[in-house]
Each structure stands twice: as C-alpha cells, then as structure tokens.
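K.L.:
Sequence first, predicted coordinates after that:
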Amino acid sequence: KETDTRESEEIFAVETNIDDMNPEIFPYVIEKMLSAGANDAFLTPIIMKKGRPASLITVLCSAKDLDRIAEILFRETTTLGIRIRKEKKRRLERKTFIVNTPYGKINIKAGFYRQEKRPVQLAPEFEECKKIALKTGAPLKDIYNAALRAAQENGEI
C-alpha cells in the first residue's frame, strides 16, 4: 500500500496581521475557525512598521473551507485584508492504537514514513492523558510518559 508521505495534498495558508484588536478575542476566533474546518490556526507575535507589536494569524485549510475561513476573519477580527497562499503538504501515514497503562487505556497516534514497519513518531492522545490526570490527581507528565513507554514496548506496531 502506498503511504501518504509524498507531496500530494494541497493546503491553503490564510494570513493577516492584527495590531488593533483586543487580544482576548483571539482564542474565540481561533476556536471558531477550527470548528469551521481549519486544519490548524495559530498566532505569531510580530513587530509591524513604526515598531508596533502585532499578531500574525495563520490558518491552514483546504480549498473547500477557504471561503468560510475568510468570512470568519473578516467578520470576527479587525483585519481589512487577508493573504492566501496555496502550498503542498506532506504527511506521515497515521495509525492509532490503544495501550494499557497503570492509569488506564490511552490512545496512541503513530506516524510511519514510507513503508517502514516501525513508527518514526509516537504521541499519546493528550486530552485523554489530561482527563486521567484531572480525575486521578496523578501528574500529567507521568501519565503521558507511561503511555509513551507502553507504546514503545507494544508489539503491535
């Protein structure tokens, strides 16, 4: 089976600089874009002309979500314009599996490069680890590390 580690997927990067908006609004805008289908949305601190501090909003999305993302940026922020770039995206083949830990079962995301049998990336599902930490009082880092150890020792991957 061919993996998806080649430049086969187009993605759009939508950006705008904001220097005149209440920063408390940014998390709301980012969550709204993610709910509207954005693959990712993030802020980068920048310095604009005349030394003004600002935030660069970057949103990654597919072509089908581009109009919705643009509308959110225009309606929910103070921007007067956005930049749009078409880019190529490479991805590892991804698989998920469950591991048993002393804290309970946790999903693991594994990333495979080409046809390799062993993953090049392993990551416990963070929100599951966090939920267990809040419920048990155990340190989040201990739960995360236990899941990672279990994934590395797991014979299924």
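P.N.:
Received, thanks.

K.L.:
Which strands or helices does the helix or strand encompassing residue 75 pack on?
P.N.:
Using DSSP states H and E, residue 75 falls within helix 66-76. Contact analysis of helix 66-76 by 3 or more C-beta pairs under 8 Å, 6 or more residues apart in numbering; DSSP states H and E lists strand 9-18, helix 26-35, strand 53-61 as its packing neighbours. For every residue, glycine as well, the C-beta is placed using N, CA and C.

K.L.:
and residue 92, which of these is closest to it?
P.N.:
Among the helices and strands packed on helix 66-76, strand 9-18 comes nearest to residue 92, with 12.2 Å by C-beta to C-beta.

K.L.:
Would you give the sheet partners of the closest one, along with the direction of each?
P.N.:
Strand 9-18 pairs in its sheet with strand 53-61 (antiparallel), strand 83-89 (antiparallel), by DSSP bridges.

K.L.:
Name the stretch among the ones you listed that sits most buried.
P.N.:
Highest mean neighbour count among the strands paired with strand 9-18 (mean count of other C-beta atoms under 10 Å): strand 53-61, with a mean of 19.

K.L.:
How far does that one sit from its chain's centre?
P.N.:
The chain centroid and the centroid of strand 53-61 are separated by 14 Å under C-alpha atoms, centre = their mean, to the nearest Å.

K.L.:
got the angle for it vs helix 26-35?
P.N.:
Using axes from the mean of the first three to the mean of the last three C-alpha atoms, to 10 degrees, the direction of strand 53-61 lies 10 degrees away from that of helix 26-35.

K.L.:
any idea of the angle strand 53-61 forms with helix 66-76?
P.N.:
Angle, strand 53-61 to helix 66-76, by the same axes, to 10 degrees: 150 degrees.

K.L.:
Show me the one of the strands paired with strand 9-18 that comes nearest residue 104.
P.N.:
Nearest to residue 104, of these and by C-beta to C-beta, is strand 53-61 at 32.7 Å.

K.L.:
which residues sit against the closest one?
P.N.:
For strand 53-61, contacts defined as C-beta atoms under 8 Å, 6 or more residues apart in numbering pick out 11-19, 23, 26, 29-30, 33, 37-48, 69, 73, 77, 79.

K.L.:
Can you go through the residues you listed and name the buried ones?
P.N.:
Taking 16 or more other C-beta atoms under 10 Å as the criterion, what is buried in the contacts of strand 53-61 is 12, 14-18, 26, 29-30, 33, 38, 41, 43, 69, 73, 77, 79.
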